[in-house]
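Asks: Here's my sequence, what's the structure:
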Amino acid sequence: MQVQPNLTKGHTMNKSKFPAAIVTAGYRENLGFTYRAFAEALNESLVNTSTTYGSIMNWEKGITDPSLNFLLTCLVAYQDWRRQWAIDVLCKTLPEVFERENNNIRMLV
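Replies: Residues are numbered from 1 along each chain as shown. Take a look at the predicted model:
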(Lines give C-alpha, C1' and ligand atoms only; values in the text may rest on other atoms or scores of the structure.)
Protein backbone atom coordinates (compact mmCIF):
# COMPACT_ATOMS: atom_id res chain seq x y z
CA MET A 1 0.00 0.00 0.00
CA GLN A 2 1.50 3.30 -1.11
CA VAL A 3 0.64 6.07 1.36
CA GLN A 4 1.12 9.65 0.28
CA PRO A 5 1.59 12.09 3.12
CA ASN A 6 -0.98 14.84 3.42
CA LEU A 7 1.25 17.91 3.57
CA THR A 8 -1.47 20.52 3.74
CA LYS A 9 -4.21 19.40 6.13
CA GLY A 10 -3.82 21.44 9.32
CA HIS A 11 -0.08 21.99 8.95
CA THR A 12 1.25 25.52 9.10
CA MET A 13 4.90 24.62 9.72
CA ASN A 14 7.65 25.72 7.38
CA LYS A 15 8.20 22.50 5.40
CA SER A 16 11.86 23.27 4.76
CA LYS A 17 12.54 23.73 8.48
CA PHE A 18 10.76 20.60 9.77
CA PRO A 19 10.65 18.07 6.92
CA ALA A 20 10.50 14.99 9.19
CA ALA A 21 7.59 16.58 11.07
CA ILE A 22 5.57 17.12 7.92
CA VAL A 23 6.28 13.66 6.48
CA THR A 24 5.52 11.88 9.76
CA ALA A 25 2.30 13.80 10.42
CA GLY A 26 1.14 13.16 6.87
CA TYR A 27 1.68 9.42 7.06
CA ARG A 28 0.18 9.12 10.56
CA GLU A 29 -2.94 11.11 9.66
CA ASN A 30 -3.48 9.36 6.31
CA LEU A 31 -3.25 5.99 8.04
CA GLY A 32 -5.68 7.15 10.75
CA PHE A 33 -3.23 6.28 13.52
CA THR A 34 -2.89 7.85 16.93
CA TYR A 35 0.64 8.69 18.05
CA ARG A 36 0.70 5.44 20.03
CA ALA A 37 -0.59 3.31 17.14
CA PHE A 38 1.97 4.85 14.78
CA ALA A 39 4.80 4.08 17.23
CA GLU A 40 3.53 0.51 17.73
CA ALA A 41 3.36 -0.02 13.97
CA LEU A 42 6.93 1.25 13.54
CA ASN A 43 8.13 -1.03 16.35
CA GLU A 44 6.27 -4.13 15.18
CA SER A 45 9.18 -6.16 13.74
CA LEU A 46 12.18 -4.30 15.11
CA VAL A 47 14.79 -5.88 17.37
CA ASN A 48 17.03 -3.91 19.74
CA THR A 49 15.47 -0.59 18.81
CA SER A 50 12.10 1.06 19.18
CA THR A 51 10.35 4.37 19.47
CA THR A 52 7.60 5.75 21.71
CA TYR A 53 4.47 7.77 21.09
CA GLY A 54 6.24 10.66 22.85
CA SER A 55 8.97 10.52 20.22
CA ILE A 56 6.37 10.60 17.45
CA MET A 57 4.84 13.70 19.04
CA ASN A 58 8.28 15.34 19.27
CA TRP A 59 9.01 14.52 15.63
CA GLU A 60 5.73 16.09 14.52
CA LYS A 61 6.33 19.19 16.65
CA GLY A 62 9.80 19.60 15.13
CA ILE A 63 11.45 19.21 18.54
CA THR A 64 13.53 16.22 17.43
CA ASP A 65 13.95 14.12 14.32
CA PRO A 66 13.99 10.33 14.06
CA SER A 67 17.53 9.07 14.48
CA LEU A 68 19.45 8.00 11.40
CA ASN A 69 19.87 4.57 12.98
CA PHE A 70 16.11 4.19 13.46
CA LEU A 71 15.34 5.32 9.90
CA LEU A 72 17.90 2.95 8.38
CA THR A 73 16.56 0.10 10.52
CA CYS A 74 13.03 0.74 9.20
CA LEU A 75 14.43 0.92 5.68
CA VAL A 76 15.91 -2.57 6.03
CA ALA A 77 13.22 -4.20 8.19
CA TYR A 78 10.10 -3.30 6.21
CA GLN A 79 8.77 -3.50 2.66
CA ASP A 80 5.55 -1.53 3.21
CA TRP A 81 4.50 2.03 4.11
CA ARG A 82 7.04 2.06 6.96
CA ARG A 83 9.87 1.69 4.44
CA GLN A 84 8.34 4.44 2.30
CA TRP A 85 8.04 6.67 5.38
CA ALA A 86 11.74 6.11 6.18
CA ILE A 87 12.70 6.87 2.56
CA ASP A 88 10.62 10.05 2.56
CA VAL A 89 12.06 11.27 5.87
CA LEU A 90 15.64 10.52 4.80
CA CYS A 91 15.21 12.24 1.43
CA LYS A 92 13.50 15.29 2.92
CA THR A 93 15.87 15.75 5.88
CA LEU A 94 19.12 14.87 4.09
CA PRO A 95 18.56 15.74 0.41
CA GLU A 96 22.29 16.18 -0.10
CA VAL A 97 22.81 12.51 0.86
CA PHE A 98 19.67 10.61 -0.19
CA GLU A 99 17.45 10.68 -3.25
CA ARG A 100 14.23 8.80 -3.96
CA GLU A 101 14.47 6.49 -6.95
CA ASN A 102 11.01 5.06 -7.72
CA ASN A 103 10.09 3.17 -4.52
CA ASN A 104 13.70 2.93 -3.42
CA ILE A 105 16.47 5.18 -2.15
CA ARG A 106 19.85 6.08 -3.57
CA MET A 107 22.84 7.52 -1.74
CA LEU A 108 24.40 10.50 -3.50
CA VAL A 109 27.75 10.42 -1.67
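Asks: Would you quantify the distance from residue 75 to residue 61?
Replies: Note on residue 75: its distance to residue 61, by Cβ to Cβ, to the nearest Å, is 24 Å. Quick note: C-beta positions are derived from backbone N, CA and C, even for glycine.
Asks: And these two? Which one has more around it.
Replies: Remark: of residue 75 and residue 61, residue 75 carries more neighbours, 19 against 12, as counted by other Cβ atoms under 10 Å.
Asks: Can you name the helix or strand that the more buried one falls in?
Replies: Element membership for residue 75 (DSSP states H and E) is helix 68-77.
Asks: what's downstream of that helix, the next helix or strand?
Replies: helix 81-93.
Asks: Now do that following helix, average pLDDT.
Replies: Average pLDDT, helix 81-93: 97.
Asks: ok, back up a step: ok, residues contacting the helix holding residue 75?
Replies: Outside helix 68-77, the residues within contact range by Cβ atoms under 8 Å, 6 or more residues apart in numbering are 42, 45-46, 49, 51, 82-83, 85-87, 89-90, 105.
Asks: Any quick ChimeraX command for the buried ones out of these?
Replies: Per 16 or more other Cβ atoms under 10 Å, the buried members of the contacts of helix 68-77 correspond to this ChimeraX selection:
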select :42,46,51,82,83,85,86,87,89,90,105
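Asks: Just put the contacts of helix 68-77 in CSV and tack on distance to residue 36.
Replies: Converted to CSV, those look like this (distance: Cβ to Cβ, whole Å):
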residue, distance to residue 36
42, 11
45, 17
46, 16
49, 18
51, 11
82, 16
83, 21
85, 16
86, 19
87, 24
89, 19
90, 24
105, 27
